[in-house]
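Enquirer: Sequence first, then the predicted structure:
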Amino acid sequence: MLAARRVRNVQRVVRSFATAVESSGVKVAAVDNNGPTSSLTVLVKAGSRYEPKAGLANALKNYAFKSTAKRTALGTVRESDLYGGVLSSTLGREHLALTAEFLRGDEAFFLDVLSSFVTSAKFTRHEFQEYVAPLIEGDAAAAASNPAVLALELAHRIAFRQGLGSSLYAPSHPSFGYTDVQSYASSVFTKDNIAVIGTNIDQAKIAELVNKAFASAPSAAGPTTSASTYFGGENRLESSSGLQTAFIGFGTTGAPSAEAATLAAYLSPSPSIKWSKGTSELANAIPEGASVQSVYLPYSDASLVGLLVQAPTAEGVKQAGQAAVQALKKAAAGVSQEELASAVAKAKFAAASAADARSGLVASIGSKIFSGSEFSVASTLSTFDAVNASAFSKAASSLVSSKPTYVAVGEVGSLPYADELGL
């Protein structure tokens, strides 16, 4: 009975997914669950891996919703307020996402707001100096005060160097101006480089609107980058903010795999019940006051898998880090069928629950829409059915036998080195 209910649930989700189509050269995908609110995301391959100068992608993100040929920045805010909508821009290493959330039926107005930034942004000097530059500095300052963010940024730089190694934030003294941002926007705001993703919107309707909204967008191909290569290494960064932090990770190249996602789920010490303690060996080995968080960051041609360790003291990081390394080595040596089944179930749930949220749904579709791959929940979950003990152990062993990526942030004179943790 339970199995039948699960099948019906999956089938219901699958029917809500639409196939991607092209409208005027722009890729379009929509899912309609008949909810009262809708969203539109213009996804652009303009993440930090494509920027020609450090910080340009972050600057472009912060230029969003400023003056265009159709509206001033104030006009955009006032009109959006009248409709009760919310506008946001987010940046990843591969994509820039311009998003509008609004009441169902207002998609024509909000697509016009999003598309006008792509097709007719003015990129004025005064807006760069008065609005954009302070936002860039604010993003960098927030990142610099968060040791977990610092550790992951440095880990990407060590793991991949160029491309995916490029930071999401601008350097303290950026070497670009507003004309550089305009030039970067011109190179990435092309039809082949753009996808529009809608939730609670009919796909035929959104395709028709996109056809008109992006008619003036150029058809040139967007910027390219070389395929990712994993290197690994060790680095340390002195910081007086927050907890003592260490990241222990490994990278892999190629398309994201179900085995890597399952490994991340297996390593996670998070409990199934709030305020309780996990039942895994790693959860029981973590000292009081310390925390270990599983990290899985998949990209189009590479992934970073690891554990983020934090504690009030360097000694706490060392003890928790040693336990984390032991968990990694145990996974490589092989796990029981029960442990594997639990890890697969956790990985499936993480993938399915991510698609329940709008941001997760956009991320799931966005990772595949540019390559033309299928992106239904059922197809995503079915990849975990092929994960067996042999494939899991082989994937974990391959990762652990490669050069690790190790980062320490905090009191570097006291924090452990990689070899002190057993790496």
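Expert: Yep, it's here.
Enquirer: Do you have the helices of the stretch 101-250 of the chain handy? List them.
Expert: With DSSP state H, counting those that start in this stretch as the criterion, the stretch 101-250 of the chain has helices at 107-120, 125-127, 133-144, 147-160, 178-188, 203-213.
Enquirer: Determine which of the ones you listed approaches A302 most closely.
Expert: helix 147-160 (6.6 Å; C-beta to C-beta). From N, CA and C alone the C-beta is placed, and that goes for glycine too.
Enquirer: That closest one to helix 133-144, inter-axis angle?
Expert: Inter-element angle recorded for helix 147-160 and helix 133-144: 90 degrees (by axes from the mean of the first three to the mean of the last three C-alpha atoms, to 10 degrees).
Enquirer: State the phi and psi torsions of D301.
Expert: phi -130, psi 20 (degrees, to the nearest 10).
Enquirer: actually S88, not the one I typed
Expert: Dihedral angles for S88 - degrees, to the nearest 10 - are phi -150, psi 160.
Enquirer: Near it, how many other residues are there?
Expert: 15 (other C-beta atoms under 10 Å).
Enquirer: how far away is it from A97?
Expert: 8 Å (C-beta to C-beta, to the nearest Å).
Enquirer: Y169 too?
Expert: 17 Å.
Enquirer: Then L421?
Expert: 36 Å.
Enquirer: go on, A395?
Expert: Look at A395 and A97: by C-beta to C-beta, they are 30 Å apart.
Enquirer: now swap in S359 and tell me
Expert: Distance from S359 to A97, by C-beta to C-beta: 9 Å.
Enquirer: for E288, same thing?
Expert: 39 Å.
Enquirer: what's the answer for Q337, then?
Expert: 40 Å.
Enquirer: that older thread, S359 and A97: who's more crowded?
Expert: A97 (23 against 14).
Enquirer: got the buried residues for the helix or strand where the more buried one lies?
Expert: A97 belongs to strand 96-103 when assigned by DSSP states H and E. Neighbour-count burial for strand 96-103, counted by 16 or more other C-beta atoms under 10 Å, picks out 96-102.
Enquirer: likewise stretch 114-134?
Expert: Buried residues in stretch 114-134 (16+ other C-beta under 10 Å): 114-119, 121-124, 127-128, 131-133.
Enquirer: quick one: contacts of that stretch?
Expert: 40, 42, 44, 59, 62-71, 73, 98, 100, 177-179, 181-182, 185, 189, 194, 210, 213-214, 216-217 (C-beta atoms under 8 Å, 6 or more residues apart in numbering).
Enquirer: Inside strands: which ones of those?
Expert: Judged by DSSP state E, the contacts of stretch 114-134 include 40, 42, 44, 98, 100, 194 as members of strands.
Enquirer: The fourth one bridge partners, please.
Expert: This means L98. Taking DSSP bridges as the rule, L98 bridges to V42, S89.
Enquirer: Report the contact partners of it.
Expert: 41-42, 44, 64, 87-89, 114, 117-118.
Enquirer: One more: the last one?
Expert: With contact taken as C-beta under 8 Å, 6+ apart, I194 is in contact with 26-27, 42-44, 118, 214, 217.
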